[in-house]
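[1] Structure of the sequence below:
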Amino acid sequence: MLACMYSGMTYVPIDATNPLERRQFILQDSQAQALIVDQRTIHDWESASDAEVSLPLIIEATFAEQSPASPTLTLRALLTTANSSERKVVDGDQLAYILYTSGSTGNPKGVMITHHNAVAFVNWGRQYFDVHPQDHVAVHAPLHFDLPVFDLYVGLTQGATLYLIDEKTVLFPQALLRFLRSEKITVLYAVPSALTALINRSTLLTDSSTQSEPLPLRLLLYAGEEFHPSALARLMQMLPDTHVYNLYGPIETNVITACEVLTSYLQYQHIPIGYPVSHAHIFLIDAYNRVIEDTTNEGEIVISGASVSPGYLNQPELTARAHVTISHEGREWPCYRTGDFARWGEQDMLHFLGRRDTLIKTRGFRVDLGDVESVLSTHPDIAEVAVIAEPHAEYTHLLYAFIVPTPGKTLEKGTMLAWSREHLPASMVPWQITICTQLPKTSTGKIARRQLSGSL
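    Alright, predicted model coming up:
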């Protein structure tokens, strides 16, 4: 990644665990000219070389099998590929990297990020957070996700030490806890699902209650999905000396609001997403693209600013649908539509209300699936919960809840339905509850809701 930046090339991180067809699509769609791959996965690529996609130039990375100087050799090979032995000066509008994310058509969509986009975000991160050379920054999320942009580039520019977490450690909460302790991690940025697993499936709770040496974490950042207040409250109790931040922003913009989570916020249905960052202009708009400024109405979040992606690679129609021009105070603002809804609170703080695809109608009532999840998560024996909506001819949608019990606890469907009726309005009570041992996760650690839908 650094070598690509140095030589003025665009990089495309690919999830090696993705199905071969998806990896081939990304190679073809991005028109990659070279592929850097390790010995473990190179066989998959070679076996696909006679398929529709011709295999690009392969640079084999064998860092673990060579001397400590081997990364330099690999970087030099990459620089030679770019026909350059010196750093290239690039235009700010040139693409720095392309991040592929799930698309509604079934094929992934490539989100284009320019150097200008990346620099705006990194400069904000450097100024907003006090990351310093003594910090140990964990790189928890996979590199094809947008979270590591903070870890890598803010961490390195501030002189911190980076600790990449291998995939096996990420999968096992107790192993992750041991890693955080042994490497004395002070800065961690992760999705709520991973942190919830740390609460429920590691000894973090018992360690904190038995006065074991506390984790050295001083900064804990989360993003990517909602962190239900009840679970977040438990985590903050275990980490009393840690500053916790809720960062919000889609992959197309990276972070555009930030909120340090205060204990008073834990009483809300949703944790506030906070205040706009320095490089973002945020508007709430109604169905007619008119700006909403009062605190009594809600609207869709749209963003204008330096970190907003120019669009999706090779998909001009999708790019056009995702962007809108807003007229405000005598000026035209080119904006990205998030599909998320919010309202302004006191002192211009933004309060998240849900996504367009989680605000559904059922039996004539509008329901936010996040609200249902938030209430269910307050049950003391529930570790994780996900609620999805399925279309229904008579009721418009029906709600289905998937629940993971706290370790050592047993839950019954009938008991949970009865509890739901006591704590939820009738319109928000799930039609069906499924008790699971675990929820499926995407490669970025979020709950795989499409997979849950396919299991019905």
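[2] what's the spacing between residue 395 and residue 365?
    Here residue 395 is placed at a distance of 10 Å from residue 365 (CB to CB, to the nearest Å). Placement of C-beta: from N, CA and C, glycine included.
[3] what do you get for residue 323?
    Between residue 323 and residue 365 the computed distance is 32 Å (CB to CB).
[4] neighbour count winner among the two?
    residue 323 (18 against 12; other CB atoms under 10 Å).
[5] separation between the residue nearest to residue 248 when sequence neighbours are not counted and residue 258?
    The shortest distance from residue 248 to any residue other than its chain neighbours is 3.9 Å, reached at residue 273 (CB to CB, 6 or more residues apart in numbering). Applying CB to CB, the value for residue 273 to residue 258 is 8 Å.
[6] Mutual contacts of the two, please.
    Overlap between the neighbourhoods of residue 273 and residue 258 consists of 246, 248, taking contacts as CB atoms under 8 Å, 6 or more residues apart in numbering.
[7] shaky segments in this structure?
    Low-confidence segments of the chain, defined by pLDDT under 70, are located at 40, 43-56, 60-88, 103-106, 208-212, 357, 364.
[8] so where do the strands sit in the stretch 1-150 of the chain?
    Read by DSSP state E, counting those that start in this stretch, the stretch 1-150 of the chain holds these strands, from start to end of the chain: 34-38, 57-61, 95-101, 109-114, 136-139.
[9] Compile these into CSV and extend it with columns for mean neighbour count.
    Written out in CSV, the entries for these read as follows (neighbours: other CB atoms under 10 Å):
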stretch, mean neighbour count
strand 34-38, 17
strand 57-61, 14
strand 95-101, 22
strand 109-114, 22
strand 136-139, 21
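[10] now those in CSV, with distance to residue 264?
    As requested, the strands of the stretch 1-150 of the chain are arranged in CSV below (distance: least, CB to CB, whole Å):
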stretch, distance to residue 264
strand 34-38, 47
strand 57-61, 48
strand 95-101, 34
strand 109-114, 35
strand 136-139, 28
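[11] Residue 1: which of those is closest?
    Each of the strands of the stretch 1-150 of the chain has some distance to residue 1 by CB to CB; the shortest is strand 95-101, at 7.5 Å.
[12] can you give me the angle the closest one makes with strand 109-114?
    160 degrees (axes from the mean of the first three to the mean of the last three CA atoms, to 10 degrees).
[13] Tabulate the CA atom coordinates of strand 95-101 in PDB.
    Coordinates of the C-alpha atoms in strand 95-101 are reproduced here as PDB (Å, rounded to 0.1, in the frame of the first residue of the first chain):
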ATOM      1  CA  LEU A  95      -7.100   7.800  -7.300                       C
ATOM      2  CA  ALA A  96      -5.200   6.700  -4.300                       C
ATOM      3  CA  TYR A  97      -7.200   3.400  -3.700                       C
ATOM      4  CA  ILE A  98     -10.500   1.700  -4.600                       C
ATOM      5  CA  LEU A  99     -12.500  -0.100  -1.900                       C
ATOM      6  CA  TYR A 100     -15.000  -2.700  -3.100                       C
ATOM      7  CA  THR A 101     -18.200  -3.000  -1.200                       C
END
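[14] Please enumerate the helices of the stretch 201-350 of the chain.
    For the stretch 201-350 of the chain, the helices defined by DSSP state H, counting those that start in this stretch occupy 204-209, 229-238, 316-322.
[15] just those: most buried one?
    For the helices of the stretch 201-350 of the chain, ranked by mean neighbour count under the definition mean count of other CB atoms under 10 Å, the leader is helix 229-238 at a mean of 18.
[16] now for it, which elements pack on it?
    Applying 3 or more CB pairs under 8 Å, 6 or more residues apart in numbering; DSSP states H and E, we find helix 229-238 packed against helix 192-200, helix 204-209, strand 243-248.
[17] Give the buried residues for whichever helix or strand residue 162 is part of.
    With elements delineated by DSSP states H and E, residue 162 resides in strand 161-164, which encompasses its position. Buried residues in strand 161-164, counted by 16 or more other CB atoms under 10 Å: residue 163.
[18] Make 502 the starting number, not 1.
    With 502 as the first residue, the last one maps to strand 662-665.
[19] Downstream of it, the next helix or strand is which one?
    helix 668-672.
[20] residues in contact with that next one?
    Residues lying outside helix 668-672 but in contact with it, judged by CB under 8 Å, 6+ apart, are 518, 641, 643, 676, 677, 680, 695, 946.
[21] which helices and strands does the helix ranked longest in the chain pack with?
    Longest helix of the chain, by residue count under DSSP state H: helix 616-629. In terms of contacts (3+ CB pairs under 8 Å, 6+ apart), helix 616-629 is packed against strand 596-602, helix 649-650.
[22] got the contact list for the helix or strand following the last one?
    Meaning helix 649-650. Moving toward the C-terminus from helix 649-650, the next helix or strand (DSSP H and E) is helix 656-658. Residues from elsewhere that reach helix 656-658 (CB under 8 Å, 6+ apart): 623, 627, 632, 636, 638, 640, 662, 663, 688.
[23] Helix 656-658: which residues count as buried?
    Neighbour count says helix 656-658 has residue 656 buried, by 16+ other CB under 10 Å.
[24] Run the chain-centre distance for that helix.
    A distance of 20 Å separates the C-alpha centroid of helix 656-658 from that of its chain, computed with CA atoms, centre = their mean, to the nearest Å.
[25] tilt between the longest helix of the chain and strand 596-602?
    Helix 616-629 runs at 90 degrees relative to strand 596-602, counting by the same axes, to 10 degrees.
[26] How far away from the center of its chain is helix 616-629?
    17 Å.
[27] same thing with stretch 851-858?
    Stretch 851-858 has its C-alpha centroid displaced from the chain centroid by 16 Å (CA atoms, centre = their mean).
[28] what comes up buried for it?
    Of the residues in stretch 851-858, those buried (16+ other CB under 10 Å) are 851, 852, 853, 854, 855, 856.
[29] Nearest to residue 733 among the residues you listed?
    Lowest distance from residue 733 to the buried residues of stretch 851-858 (CB to CB) belongs to residue 853, with 13.5 Å.
[30] got the angle for the helix or strand hosting the closest one vs strand 744-749?
    With elements delineated by DSSP H and E, residue 853 resides in strand 851-856, which encompasses its position. Between the direction of strand 851-856 and that of strand 744-749, the angle (the same axes, to 10 degrees) works out to 50 degrees.
[31] Convert the C-alpha atoms of strand 851-856 to PDB, please.
    Output for strand 851-856, consisting of C-alpha atoms alone and laid out as PDB, is shown next (Å, rounded to 0.1, in the frame of the first residue of the first chain):
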ATOM      1  CA  LEU A 851     -26.800  15.000  15.200                       C
ATOM      2  CA  HIS A 852     -28.900  12.100  16.400                       C
ATOM      3  CA  PHE A 853     -29.100   9.100  14.200                       C
ATOM      4  CA  LEU A 854     -32.600   7.700  13.500                       C
ATOM      5  CA  GLY A 855     -31.900   4.800  11.200                       C
ATOM      6  CA  ARG A 856     -31.300   3.800   7.600                       C
END
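[32] Cheers, nothing more for now.
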